[in-house]
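Peer 1: Sequence and predicted model, in that order:
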Amino acid sequence: MIKKILNLTVLSVLVVGFTSCNDDDDNNVATLSNQEKAIALIKGFETGDQTALDYVSDETYIQHNANFPDGKEVLVNFFSGGPSGTTVTNHRAFTDGNYVVLHSTYGGTWNNGTPQVAFDVFRFENGLIVEHWDNLQDVSDPQVDAVNGNTQVDGPTTVTDTSLTTSNKEVISNFAQNVLVGGSWVTQAPTYFDGLGQYFQHSVGMPNGIDWFASFGDNFQFYDSESPRFIHGEGNFVLIMSQGSQAAGVESTAYFDLFRLQNGYIIEHWDTQQTIPPASEWVNSNGKW
């Protein structure tokens, strides 16, 4: 997530010390929800607000972006106290236990002016962020897809049906195992949809509806056999974090797929896809997962 900013700003030379918490900071850490803290942190990349750093543990910050090391220190360099030129727009946010999932767009000076859609996942311990995963994909041009008529981020944003969190996560887990890993696109995939053709697609170049499933047959594995790595959900939204490679010799791809469910059926899908660099290029030892 941070690599492009680093290239743009060369803020590694900027010395910004850790600021100790005053009483107001302590109150913020105690009263804000984990979701509010996660949103404040990513907005800090736009505003430079150093208060957001108080929401990250000083002792533990495990990084799964392969371009950056563990530890809070690398974040400090990006929070100068003023606007950075990057813009951050959060579209969706939900909480699953100690995890917070954010679906956002990074723009402005980010990525040399090419905006990116991102999923950020934060793990909390004792109210502080201790671990981070992300997956980014360039915003398509044009933003409204010619095939499905949607952008990569539009559509419903509100978490509903919170009483159905567990059952909706089970639906998506079964869909992943039987279809995205198992490859049963003809026999089983349609049973996860309402039969009315309502499937709104935000993946670039993919059509709405489910008629296109037949083109995959019953032997097309989208994820590898170890997937999904994680499933997080709240109410009508469920995120799968997975890995796969579509052809021999092709680098592995990380897939973050967000589904919206209605009445127990899948009805909408957003995603980001990002190539996983070889281990020899990782800055940390954690890898993507």
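Peer 2: In hand now; what should we look at? Being a predicted model, the structure only gives us computed values, none of them experimental.
Peer 1: Tell me the confidence at residue 28?
Peer 2: Per-residue confidence at residue 28 stands at 64 (pLDDT).
Peer 1: Likewise for residue 219?
Peer 2: 87.
Peer 1: count of neighbours near the nearest residue to residue 198 once chain neighbours are set aside?
Peer 2: The shortest distance from residue 198 to any non-neighbouring residue, by Cβ to Cβ, 6 or more residues apart in numbering, is to residue 267 (5.4 Å). Bear in mind the C-beta positions are built from the backbone N, C-alpha and C, glycine included. Neighbours of residue 267 under the rule other Cβ atoms under 10 Å: 18.
Peer 1: Quick one: mean pLDDT for the helix or strand containing residue 267?
Peer 2: Per DSSP states H and E, residue 267 falls inside strand 265-275. For strand 265-275, the mean per-residue pLDDT is 97.
Peer 1: Repeat that for stretch 68-87.
Peer 2: On average, stretch 68-87 scores 92.
Peer 1: Number the chain from 235, please
Peer 2: Right, with 235 as the first residue, what we last looked at is stretch 302-321.
Peer 1: Just the buried positions in it, please.
Peer 2: For stretch 302-321, burial by neighbour count (16 or more other Cβ atoms under 10 Å) applies to 302, 304-306, 308-314, 318, 320-321.
Peer 1: One more: stretch 373-381?
Peer 2: Buried residues in stretch 373-381 (16+ other Cβ under 10 Å): 373, 379.
Peer 1: on that earlier part again, in JSON lines, list the buried residues of stretch 302-321 along with secondary structure.
Peer 2: Output for those, formatted as JSON lines (DSSP: H, G, I helix; E, B strand; the rest coil):
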{"residue": "302", "secondary structure": "coil"}
{"residue": "304", "secondary structure": "coil"}
{"residue": "305", "secondary structure": "coil"}
{"residue": "306", "secondary structure": "coil"}
{"residue": "308", "secondary structure": "helix"}
{"residue": "309", "secondary structure": "helix"}
{"residue": "310", "secondary structure": "helix"}
{"residue": "311", "secondary structure": "coil"}
{"residue": "312", "secondary structure": "coil"}
{"residue": "313", "secondary structure": "coil"}
{"residue": "314", "secondary structure": "coil"}
{"residue": "318", "secondary structure": "coil"}
{"residue": "320", "secondary structure": "strand"}
{"residue": "321", "secondary structure": "strand"}
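Peer 1: What is the most widely separated pair among the residues you listed?
Peer 2: Using Cβ to Cβ, the pair of the buried residues of stretch 302-321 lying farthest apart is 304 and 321, separated by 27.2 Å.
Peer 1: where exactly do the helices run in the protein?
Peer 2: For the chain, helices defined by DSSP state H occupy the ranges 237-243, 257-265, 268-281, 307-310, 399-409.
Peer 1: Count the neighbours of residue 297 for me.
Peer 2: Residue 297, neighbours per other Cβ under 10 Å, totals 22.
Peer 1: I figured it was touching residue 520, is that so?
Peer 2: Yes. If you go by Cβ atoms under 8 Å, residue 297 and residue 520 touch, sitting 6.6 Å apart.
Peer 1: picking that back up, I'd like to know which elements the strand holding residue 501 is packed against.
Peer 2: In terms of contacts (3 or more Cβ pairs under 8 Å, 6 or more residues apart in numbering; DSSP states H and E), strand 499-509 is packed against strand 350-359, strand 362-372, helix 399-409, strand 434-435, strand 487-496.
Peer 1: If we go by neighbour counts, what in the second one is buried?
Peer 2: Right, strand 362-372. 362-371.
Peer 1: How far off centre is it?
Peer 2: 7 Å (Cα atoms, centre = their mean, to the nearest Å).
Peer 1: do the fourth one as well
Peer 2: Relative to the centre of its chain, strand 434-435 is centred 18 Å away, using Cα atoms, centre = their mean.
Peer 1: Residues contacting that strand, please?
Peer 2: With contact meaning Cβ atoms under 8 Å, 6 or more residues apart in numbering, strand 434-435 is reached by 382, 384, 389, 441-443, 501-503.
Peer 1: what does stretch 489-499 give?
Peer 2: Here stretch 489-499 makes contact (Cβ under 8 Å, 6+ apart) with 326, 335, 337, 353, 369, 389-390, 395, 398, 401-402, 405-406, 409, 414, 426-428, 432, 456-457, 461, 470-478, 500-507.
Peer 1: 7 Å instead, please
Peer 2: With Cβ atoms under 7 Å, 6 or more residues apart in numbering as the test, stretch 489-499 has contacts from 337, 353, 369, 390, 401-402, 405-406, 426-428, 457, 470-478, 500-507.
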